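Student: Predicted coordinates and the sequence they were generated for:
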Amino acid sequence: MKNTSRWDKRGLIADALTMEGLSVEENRVIFFDWAFGLDEPERAAEASRDLLALHKTSDNSTHAMILLLENAANGSAMPRGRTARRRSARIS
């Protein structure tokens, strides 16, 4: 049985941690699918911390999903707003 929590009702994070051979990009797609499916997206950092407490072990500490969850738990995955200004082209 999958080790899930209220934050991972579909078991996406739990499944990703058990699947072998997933690339970093594939883990990122799963992570974003999970994050976009949260009932309370504003609590993503809290959800990530809870999932880390549930799933992180010394054996999987370098797994791509664990690293993504750590970034989210620390606020690194939070949107930072617009980073570049749109420059309008001036036609003379």
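Tutor: Received it, and whenever you're ready, just let me know what you need.
Student: residue closest to the middle of the chain?
Tutor: Per C-alpha atoms, centre = their mean, the C-alpha nearest to the average position across the chain is that of F31, at 3.9 Å.
Student: Surely A16 touches R28?
Tutor: No. Under the contact definition of C-beta atoms under 8 Å, A16 does not touch R28, with a separation of 10.1 Å. (Glycine included, C-beta is placed from N, CA and C.)
Student: quick one, which of those two is more surrounded?
Tutor: Between A16 and R28, counting by other C-beta atoms under 10 Å, A16 is the more crowded of the two (23 against 14).
Student: Could you say whether the more buried one sits in a helix, a strand or coil?
Tutor: Using DSSP: H, G, I helix; E, B strand; the rest coil as the criterion, the local structure at A16 reads helix.
Student: Look at the residue nearest to the centre of the chain and tell me its secondary structure.
Tutor: helix.
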